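K.L.:
Here you go, sequence then predicted model.
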Amino acid sequence: MSDHLSVMKKDEGNLEPTHQVHSVTPDVDIYENDNEILLYADMPGISKKDLSVNIDNGRLMLTGTRQVRVDGARIWEEFGDAEYHRVFSIPQTIDTAKVRAELSDGVLRLHLPKSEAAKPRQIEIKGA
């Protein structure tokens with residue numbers, strides 16, 4: 001899903017589009033195991049400094065801006081600047097103090113560890 005946001009230049013009362021910034025919802029894969037939830041978000045072309053991951057009040061928000069540097073005039077553009085944005089609800093069982101994020105080859109990898117109380121455990125059965 002992609003929306004287009006245009007940057008406009010005003011010239012003698014007329015508006016002329018100068019550059020389009022696409023709003024992009026990154027594709028994600030989410031996996032769960034006994035210890036954590038893993039989230040992979042596809043955000044090609046984004047750099048670490050232009051990416052933000054926030055957790056607030058049970059919401060995980062991924063935002064970032066991809067800026068493509070070009071030399072010369074734009075003749076045709078399909079992979080230009082983009083604004084990434086995606087929001088998830090996360091369970092209260094996530095230990096937010098231990099969340100880790102890694103960015104490699106345009107893929108954001110989030111480790112959302114479960115709190116000890118949320119992890120499955122084996123109950124010992126005692127004999128009478």
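P.N.:
Yes, it's here. Here the structure is a predicted model, which means the values were calculated and not measured.

K.L.:
Was I right to think I37 contacts R109?
P.N.:
No: look at I37 against R109 with Cβ atoms under 8 Å: they stay out of range, at 11.6 Å. No exception for glycine: its C-beta is placed from N, CA and C like everyone else's.

K.L.:
If you count surrounding residues, which of the two has more?
P.N.:
When neighbours are counted by other Cβ atoms under 10 Å, I37 and R109 differ, and I37 comes out ahead with 20 against 14.

K.L.:
Can you tell me the closest non-neighbouring residue to the more buried one?
P.N.:
L112 (4.2 Å; Cβ to Cβ, 6 or more residues apart in numbering).

K.L.:
burial count for that neighbour?
P.N.:
23.

K.L.:
Now name the helix or strand holding it.
P.N.:
strand 107-113 (DSSP states H and E).

K.L.:
Run through the neighbouring helices and strands of that strand.
P.N.:
Helices and strands touching strand 107-113, by 3 or more Cβ pairs under 8 Å, 6 or more residues apart in numbering; DSSP states H and E, are strand 36-42, strand 51-56, strand 59-66, strand 100-104.

K.L.:
can we see that at 10 Å?
P.N.:
strand 28-32, strand 36-42, strand 51-56, strand 59-66, strand 82-89, strand 100-104 (3 or more Cβ pairs under 10 Å, 6 or more residues apart in numbering; DSSP states H and E).

K.L.:
Redo those strands as JSON lines? Include mean pLDDT and distance to H22.
P.N.:
JSON lines is the format used below for the helices and strands packed on strand 107-113 (pLDDT from 0 to 100; distance: least, Cβ to Cβ, whole Å):
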{"stretch": "strand 28-32", "mean pLDDT": "97", "distance to H22": "18"}
{"stretch": "strand 36-42", "mean pLDDT": "96", "distance to H22": "14"}
{"stretch": "strand 51-56", "mean pLDDT": "95", "distance to H22": "16"}
{"stretch": "strand 59-66", "mean pLDDT": "95", "distance to H22": "9"}
{"stretch": "strand 82-89", "mean pLDDT": "95", "distance to H22": "5"}
{"stretch": "strand 100-104", "mean pLDDT": "96", "distance to H22": "20"}
